[in-house]
Every structure is written in structure tokens, then in C-alpha cells.
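**Student:** got a predicted structure here, sequence first:
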Amino acid sequence: MDKTSFDHTKELPLMEAFYTIQGEGAYSGKAAYFIRLGGCDVGCVWCDVKDSWDADKWPLRSVQEIVDEAGNYQSKLVVVTGGEPFMYNLDGLTSELKAKGFHINVETSGAHPFSGTVDWVCLSPKKFKAPMSEWYEMADELKIIIFNESDFKWAEQHAALVDDKCKLLLQPEWSKQEKMTPYIIEYVKQHPKWSISLQTHKYLDIP
Ligand SMILES: C[S@@+](CC[C@H](N)C(=O)[O-])C[C@H]1O[C@@H](n2cnc3c(N)ncnc32)[C@H](O)[C@@H]1O
Ligand SMILES: Nc1nc2[nH]cc(C(=O)O)c2c(=O)[nH]1
Ligand code: SF4
Ligand SMILES: [Mg+2]
């Protein structure tokens with residue numbers, strides 16, 4: 001059966017959902033409820049959540065249940081991530097979250113079309129499957145993962161496509177952070193339109 005042949009507005013494959021501190025990007029340090037949908041076809045060699053890739057591994061959960069559980073915590077900030085959340089039509093999930101008063105941030109590679117209603121888009125383009133063009137004008141932050149030195153060029157190519165208000169972030173790939181962070185520091189000093197984003201949750205040892 002086609003993995004995506006169900007009504008996405010009613011149910012979605014949920015890998016995990018957890019209340020934590022946003023570790024990355026502009027909202028770093030803010031308490032947030034994370035909804036991690038299963039399924040991704042982008043195939044980043046360094047992905048830190050490869051377990052998410054096979055959507056069939058994760059149970060379909062009703063959108064209503066997912067949203068109800070989000071309501072059990074103090075923060076009204078939700079981060080929808082994955083896997084690649086836009087493999088699915090997010091109209092149902094996001095409209096239910098909005099109805100409950102959530103501020104919705106999404107983490108995406110941009111490799112699939114946009115759907116739903118969201119408040120903040122973190123676009124993290126991947127060489128393995130580049131973003132669709134519609135994402136550039138929607139991005140509130142552009143978060144480029146620096147795995148090797150060629151990624152600085154990749155970063156600039158994407159910075160040229162987003163609009164002026166978009167925050168520009170360089171984030172070291174976790175396994176390469178000791179090697180690449182000094183290059184990122186120097187790059188940001190030379191090109192101050194960029195900021196460093198660290199995966200602070202990994203340093204804090206929280207989810
Ligand atoms: C796991 S992805 C899920 C959302 C979406 N598939 C994406 O890639 O944007 C969440 C964020 O983690 C970043 N990320 C994944 N693996 C990483 C790693 N090994 N080091 C640093 N950042 C990583 C991604 O670039 C993305 O910004
Ligand atoms: N604390 C925390 N912050 C995050 N920011 C983006 C994450 C993700 O995997 O999408 C993530 C995550 O997995 N944990
Ligand atoms: S797009 Fe995101 S979830 Fe998919 S492989 Fe890349 S980092 Fe992992
Ligand atoms: Mg993560």
C-alpha cells in the first residue's frame with residue numbers, strides 16, 4: 001500500500017511527541033512541544049534521526065489525539081518536525097493546532113509542497129533533495145548545516161533566494177562540529193549577515 005494513501009487531515013504517522021526546549025535557531029531556548037512525524041525521502045547521510053525515515057514504522061495517530069496531547073503542557077509553542085513533515089498535507093493538523101491557540105513553527109527541508117497554516121518556517125535545504133522554489137519566500141529562518149567547507153557556498157546560494165527578513169543561520173553538523181565550528185566562527189565574523197546556530201539540546205542532554 002502507498003504509505004501516504006490515507007487522509008492526512010485526519011491521521012498522521014507519529015514517531016514521537018515530547019515537551020522540551022527548542023535547541024536550534026531563532027527560538028532556541030524556548031519551551032516547546034515537538035511533534036515528530038515519521039517518513040522522509042530526502043536521505044541526508046548525516047541525518048540525526050534516520051529512524052524516522054520509514055513512515056511504516058510509526059503508528060497512524062488521529063490528528064485530534066495529537067493536538068489534545070499538545071494541550072497538556074504549559075507552552076503554546078509547537079514545533080512540527082520529522083522526518084519530513086511536508087510529505088503530508090498538514091491542513092488538518094495545523095488548523096486544529098491554531099484552533100487551540102498554538103504558535104506553530106515547522107522544520108522542513110522544503111523538498112515537498114507547503115500545506116497548512118504556520119507561524120514560523122525554518123527552511124533547511126539539503127543537497128540530497130533541494131527545496132521546491134515556493135519555500136524561499138516563506139522561510140523565516142534559513143538554517144544551513146555545515147558538514148564540510150563546500151557547504152558555505154551552498155549557504156550563499158540559498159541566502160540569495162530568500163527574502164531580506166529571513167534570518168540566516170549556519171549550524172555545524174553534529175559529528176563534524178569540532179572540526180567545522182572554528183570555520184563557522186570565522187565565516188560569521190567575515191560575513192556578519194549570518195549567525196551561528198548550535199544544537200544546544202545536545203549539549204544540555206535533553207530531547
Ligand atoms: C531532523 S530534521 C527534520 C526536519 C526536516 N526533515 C529538515 O531536515 O529540516 C530537523 C533539523 O535538524 C537538522 N539536522 C539533522 N541532522 C543533523 C545533524 N547531524 N547535525 C546538525 N543538524 C542536523 C536538519 O537540518 C533540520 O534543520
Ligand atoms: N530540543 C530539540 N530542538 C530541536 N530543534 C529542531 C529539532 C528537530 O529535530 O527538528 C530538535 C530536537 O530534536 N530537539
Ligand atoms: S531531510 Fe531532515 S529528516 Fe530527512 S534525512 Fe534530511 S535531516 Fe533527516
Ligand atoms: Mg533533532
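**Tutor:** Looks like it arrived, so ask away. Ligands and ions are numbered 1, 2, ... in the order given.
**Student:** residues from this protein in reach of ligand 1?
**Tutor:** The chain comes close to ligand 1 at residues 40, 46-49, 81-82, 84, 107-109, 124, 143, 145, 171, 173-174, 199, as judged by Cβ under 6 Å from any ligand atom. Where C-beta positions appear, they are placed from N, C-alpha and C, glycine not excepted.
**Student:** try 5 Å
**Tutor:** Residues of the chain found near ligand 1, taking Cβ under 5 Å from any ligand atom as the criterion, are 46-49, 81-82, 84, 107, 109, 124, 143, 145, 173-174.
**Student:** now the lengthiest helix in the chain: buried residues?
**Tutor:** The helix of greatest length in the chain, counted in residues with DSSP state H as the criterion, is given as helix 177-190. When burial is assessed from 16 or more other Cβ atoms under 10 Å, helix 177-190 yields the following buried residues: 177, 180-181, 183-184, 187-188.
**Student:** partner strands of the strand ranked longest in the chain and their direction?
**Tutor:** In terms of residue count, the longest strand belonging to the chain (DSSP state E) is strand 11-21. Strand 11-21 sits in its sheet next to strand 31-37 (antiparallel), strand 60-62 (antiparallel), going by DSSP bridges.
**Student:** so stretch 162-175, near ligand 3 or not?
**Tutor:** No. Residues of stretch 162-175 are not located near ligand 3 by Cβ under 5 Å from any ligand atom, the shortest gap being 9.8 Å.
**Student:** between the two ends of that stretch, what distance do you get?
**Tutor:** For stretch 162-175, the first and last residues are 28 Å from each other (Cα to Cα, to the nearest Å).
**Student:** check whether that stretch contacts ligand 2.
**Tutor:** No. Stretch 162-175 does not reach ligand 2 (Cβ under 5 Å from any ligand atom); its nearest approach is 9.8 Å.
**Student:** got the contact list for that stretch?
**Tutor:** Residues from elsewhere that reach stretch 162-175, judged by Cβ atoms under 8 Å, 6 or more residues apart in numbering: 24-26, 46, 48, 123, 136-137, 139-147, 152, 155, 159, 180-181, 184, 187-188, 193-199, 202.
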